[in-house]
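Q: Compute the structure for the input listed below.
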Amino acid sequence: MPSPAASTATTRCVFHRFRSNRKGSAAVEFALVAPLFFALLFAIIETAIMFFASQVLETITQNSARQVMTGQAQAANYALWSNFRQGVVCPQIPALFNCANIGVDVESFPSFTSVALPNHYDANGNVDPSTLNYSPGGSCSIVVVQLFYQWPLFVTGLGYNISNGPTGKRNLVATAAFRNEPYAGACG
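A: Take a look at the predicted model:
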């Protein structure tokens, strides 16, 4: 049977060797820092992609608004906002968006001072299709075109939450306000 003094000496020797050995310290330090590093990396990537999607939505809105401003959308006789979405908006959409999830609101006003935009979100933070209109106005009308999209977020579970609604998604909105061109004659 070994003596207790020998086992105490052996235990001290093992702890001393463990403390003085630095071969695995880099792996241990990386294991401590890696979760924070990857959370930050994924948050940066998600923010960049979300801003890119927002800019793409802005470009699609400007191009769609141009169709209204020049009278091309009025000549096509779209009856509903969903028809305008299918005929003008959806052909411009890259793989970044799902066309079925884009809300389109086109409203005309008699003057810029009379522009009052309604809230297009329901109590759950989703776009309410019953509030979306398609009224492109005529020549020289004041028109506001808005596109809505709920961008899905993935990194929110890591403590980084950039959602702006109760759905856990980022509500992207792009707006264009303008006066239609005098395509039917001079403005009065």
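
Q: residue nearest the centroid of the protein?
A: Nearest to the geometric centre of the chain sits Trp151, at 3.9 Å (Cα atoms, centre = their mean).

Q: My guess is it contacts Gly168. True?
A: No - with contact defined as Cβ atoms under 8 Å, Trp151 does not reach Gly168; the gap is 10.7 Å. C-betas here are computed from N, CA, C, even on glycine.

Q: that older thread, who's the closest spatial neighbour of the residue nearest to the centre of the chain, skipping the chain neighbours?
A: Closest residue to Trp151 apart from its sequence neighbours, by Cβ to Cβ, 6 or more residues apart in numbering: Arg170 at 4.3 Å.

Q: Output stretch 139-149 as PDB, restricted to C-alpha atoms.
A: Coordinates of each C-alpha in stretch 139-149 appear next as PDB, following Å, rounded to 0.1, in the frame of the first residue of the first chain:
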ATOM      1  CA  SER A 139     -51.600  63.700 -65.100                       C
ATOM      2  CA  CYS A 140     -50.000  66.200 -62.600                       C
ATOM      3  CA  SER A 141     -51.400  64.300 -59.500                       C
ATOM      4  CA  ILE A 142     -49.400  64.100 -56.300                       C
ATOM      5  CA  VAL A 143     -48.600  60.400 -55.800                       C
ATOM      6  CA  VAL A 144     -47.000  58.400 -53.000                       C
ATOM      7  CA  VAL A 145     -45.700  54.900 -53.700                       C
ATOM      8  CA  GLN A 146     -44.800  52.600 -50.800                       C
ATOM      9  CA  LEU A 147     -43.400  49.100 -50.800                       C
ATOM     10  CA  PHE A 148     -43.400  47.000 -47.600                       C
ATOM     11  CA  TYR A 149     -41.500  43.800 -46.800                       C
END
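
Q: Show me what the mean pLDDT comes to for it.
A: Mean per-residue pLDDT for stretch 139-149: 93.

Q: Flag the shaky bits of this protein, pLDDT-wise.
A: Counting by pLDDT under 70, the chain contains low-confidence ranges at 1-9, 14-22, 157-158, 188.

Q: Okay, and Thr59 sits in which element?
A: Assessed by DSSP states H and E, Thr59 sits inside helix 25-69.

Q: Summarise which helices and strands that helix is packed against.
A: Based on contacts counted as 3 or more Cβ pairs under 8 Å, 6 or more residues apart in numbering; DSSP states H and E, the elements that helix 25-69 packs against are strand 142-151, strand 170-179.
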